[in-house]
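Undergrad: output the structure for:
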Amino acid sequence: MLVPITHGRTPLGAVFILCSTHEQQAMLLAVRDWGILMVAITILVACATAYFLAAIIATPIRRMAHSMQAVARGQLHQRLPEEGCCEVRRMAHSFNHMSAALWRRMREMESLQLLGLAVSSSLYLYKVAQAAVESVQAVLPDTRAQIWLSDLEREHLVEATMAYPEENGLAVPLGEDCLLSRAYHRRQVLRAGGPEDGEPADPWLRAHFGAASAVALPLVAQSEGVGVLTVLRPEGAEPLQAEDLPFLQAAANQIALALENARMYGREARVASVFQRVLLPPPATIPGLEIAARWRPAPGETKVTGDYYDFIALPNGRWGIVIGDVCGKGTIAASYTAMAKYVLRSYAYESDSPAQILQRTNAALYAQFTGGLSEEAPMFITLLCALYEPETGRFSYAHAGHPLGTLARVDSRVAIALDRGGPPLGVLADAVYHEETLYLSPGDTVALYTDGVVEAARDEHVLEPEHIAAILLAHQEDSAQRVADALLDEVVRLANGEAPDDVTLMILRAGTGVDSLPMSPPPAGLAAS
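TA: Numbering: from 1, shown residues only. Down below sits the predicted model:
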């Protein structure tokens, strides 16, 4: 074999290799074998490398797939180790961030649900505010939550997390240059003290509560400013982050609505208290008559009743005794009941006839109810009016669609009063009412009541006058107070603890101050036993 040697294009010489054909073939075979071996080794190395790389990539992906399936089953605590190549670490970091965010949002949703249950469990302002504060602090550790209510009369924000915020709470003038008043006026979420908040810690909050950072959220319900929710963190604690704000804003919306409902309930309760004092006064002191009165509102109702009773001191030592029930509930019904009370009082001073008093009262109320002054006016009022003379024991009465009173005689004769009467007040312009008269002897007991007593039974039956009379007779030796309690207990028992309507009753017990007179015969239509 001749191999030329050149430098560029200049020939320099040649190398002559002398070998046999057999040797040439052997060399070629050796080169071929080495080539095949190298190719095989290269393929093996490539396969091993591919397998190794696949294991490095596929294992984290399989682990991530399993973790995603666990998250889909609600196991939001799943986390992946952030190791391996750069891309795998990034994927693991993204998954961990997503899982943590999902866990946080689920926890916030559960907390908002618990917050809603907590603030709706009461209608008392202090309890609502306290429940709201505790719920927020449970979600955000190392925080102090506060609720500040707007007091527009005094132009202050008052801390509501104490029993009587208007009297004992710390007050902030609405004109004060602090985070609270700015959030209230601007109706914007404001932050202070954090590295991303744009303003330093609020001096007022730092001075009063040692707050190094704070978030103030306006409480707005039905476009009206209710107050401000503040969440404070002390020195050394990490300021609240932007990711905390969605939960706080949702919580503020629920809290604002609950506080406004509690405020409205409080206002209605104060109105109810006034009406209750007007419509359900303490029993009067009537010579020769022991009196006990009871009232129990229907479950779930506010303390604004349409029932009422009254004691009217009249000339010549006489007394008017009235019990009534307006059709309807709430403040409107109670206001018309109060109107009926004072209309009847004015006519009671002008007449000594219960029937005539009812007729004149009916005419006035009919004109009022049908005059179109209010679409919410009640349809009618039932009422029993009696005039009592302590010196003689004379008891004359008339009723307008009202349940019959029950009389228990001291000698165990029982009369069911008034089976004749007239329609409820306000139904007919020219309604006619009838009256009856009887004389009470010492020890006689009269029970007067509203329909909440007779309709208390849950089995669609009524509490019959005979049943009431039996209770009166069974307690003839007891005081009027004990008799009233016994009758009310029986009403509650028959209603399984929940009477469907307000229950109002009155017990009149003739005492020793009444002269003993021959008992008058029962009026026509009265039952005796």
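Undergrad: what's the burial count for residue 473?
TA: For residue 473, the neighbour count with other C-beta atoms under 10 Å is 15. C-beta coordinates here come from the backbone N, C-alpha and C atoms, glycine included.
Undergrad: got it, and residue 345?
TA: For residue 345, the neighbour count with other C-beta under 10 Å is 16.
Undergrad: once you drop chain neighbours, what's closest to it?
TA: Closest residue in space to residue 345, ignoring its immediate chain neighbours: residue 312 at 5.7 Å, by C-beta to C-beta, 6 or more residues apart in numbering.
Undergrad: give me phi/psi at the one you found?
TA: phi -120, psi 120 (degrees, to the nearest 10).
Undergrad: residue 504 is in contact with residue 450, correct?
TA: Yes - in this structure residue 450 lies within contact range of residue 504 using C-beta atoms under 8 Å: 4.5 Å.
Undergrad: which residues do the two both contact?
TA: 307, 323, 325 (C-beta atoms under 8 Å, 6 or more residues apart in numbering).
Undergrad: please, a PyMOL command that selects the buried ones among those residues?
TA: Per 16 or more other C-beta atoms under 10 Å, the buried members of those correspond to this PyMOL selection:
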select buried, resi 307+323+325
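Undergrad: out of the shared contacts of residue 450 and residue 504, which sit inside strands?
TA: Members of the shared contacts of residue 450 and residue 504 lying in strands (criterion: DSSP state E): 307, 323, 325.
Undergrad: ok, and the closest non-adjacent residue to the last one?
TA: Same thing as residue 325. residue 450 is the one closest to residue 325 (C-beta to C-beta, 6+ apart), at 4.3 Å.
Undergrad: can you pull the buried residues of stretch 347-362?
TA: 347, 348, 354, 355, 356, 357, 358, 359, 360, 361, 362.
Undergrad: which of those residues sit farthest apart?
TA: Largest separation among the buried residues of stretch 347-362 by C-beta to C-beta: 348 and 362, giving 13.8 Å.
Undergrad: lowest average confidence, helix or strand, in this structure?
TA: helix 165-168 (a mean of 48; mean pLDDT, DSSP states H and E).
Undergrad: circling back to that earlier point, need the phi and psi values for the residue nearest to residue 325.
TA: Dihedral angles for residue 450 - degrees, to the nearest 10 - are phi -100, psi 180.
Undergrad: and it, what does it touch?
TA: 307, 323, 324, 325, 382, 402, 403, 501, 502, 503, 504, 505.
Undergrad: residue 398 and residue 90, how far apart?
TA: According to C-beta to C-beta, to the nearest Å, residue 398 and residue 90 sit 91 Å apart.
Undergrad: higher neighbour count, the two?
TA: Higher neighbour count among residue 398 and residue 90: residue 398, with 25 against 12, using other C-beta under 10 Å.
Undergrad: before we move on, the earlier item: is it true that the residue nearest to residue 345 touches residue 341?
TA: No - Residue 312 is not in contact with residue 341 according to C-beta under 8 Å; the separation is 9.5 Å.
Undergrad: between these two, which contacts overlap?
TA: residue 322.
Undergrad: what about residue 236, how many neighbours?
TA: 7.
Undergrad: surely it and residue 212 touch.
TA: Yes - counting by C-beta under 8 Å, residue 236 does reach residue 212; the two are 7.5 Å apart.
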